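Asker: below is the structure, and that's it, no one-letter string:
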């Protein structure tokens, strides 16, 4: 049986599978070469390691949610934020990548532009539209990043540390942090409420 032709497209497609199964941080030419049963040196003839990551991120970002096209602006932004948060959680490693490379990722800039456009309905100045849109984008990415950290290390260490020093942190010690996953989701929803309230206040005072 003849082997499938090795080309850039096949390598990138395999990279998307590797990143989807193991997370973006596990993506490498070596891992992809192993997946398609070739050598790293042979794969490198078609694409470099940096180009591979950029291409895979581009494929992932093509599925990133956009703000709903219709509806009142708070509902549209909240829907985008919750959908995107879950989407990022389902793409391990991507939130951390975007924290560092957001301004080099075209689809991320597209989403920031879309968020700023939605905020144009509010009556904000263009400067405040951009500020609010990019801050909301960054908040969602950071929240997904924190969620990933909690899933990896859990909250057990924090719980043990707080429980051992209740005199120092009486308010933290009086609360149950719950499961790592639920703790992250609760913090995201609470932070999103604060974010939306802040935008609404800005609208009333501008």
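Answerer: Good, I have the coordinates. It should be emphasised that the depicted structure is a prediction, and the values quoted were computed from it without experimental measurement. Numbering: from 1, shown residues only.

Asker: tell me the buried residues in the longest helix belonging to the chain?
Answerer: Criterion DSSP state H: the longest helix present in the chain is helix 126-153. Going by neighbour count (16 or more other CB atoms under 10 Å), the buried part of helix 126-153 is 128-134, 136-137, 139-148, 150. For glycine as for every other residue, the C-beta is placed from the backbone atoms N, C-alpha and C.

Asker: same check, this time on stretch 80-98
Answerer: Buried residues in stretch 80-98, counted by 16+ other CB under 10 Å: 80-85, 87-89, 91-98.

Asker: this structure - how does it break down into domains?
Answerer: Here the domain assignment for the chain is 8-60, 66-205, based on automatic domain parsing.

Asker: helix or strand: which one has the residue minimising distance to the centre of the chain?
Answerer: Centroid-nearest residue in the chain, with CA atoms, centre = their mean: residue 95, separated by 3.3 Å. Assigned by DSSP states H and E, residue 95 falls within helix 94-101.

Asker: what does that helix rub up against?
Answerer: 24-25, 53, 57, 60, 88, 105, 108, 138, 141-142, 144-145, 147-148 (CB atoms under 8 Å, 6 or more residues apart in numbering).

Asker: could you give the average pLDDT over stretch 127-144?
Answerer: pLDDT averaged over stretch 127-144 equals 93, rounded to a whole number.

Asker: leaving out chain neighbours, which residue sits closest to residue 22?
Answerer: Residue nearest to residue 22 in three dimensions, not counting chain neighbours: residue 31, with 7.3 Å by CB to CB, 6 or more residues apart in numbering.

Asker: wait, doesn't residue 92 sit right on residue 144?
Answerer: No: applying CB atoms under 8 Å as the test, residue 92 and residue 144 come out as separate, 9.6 Å apart.
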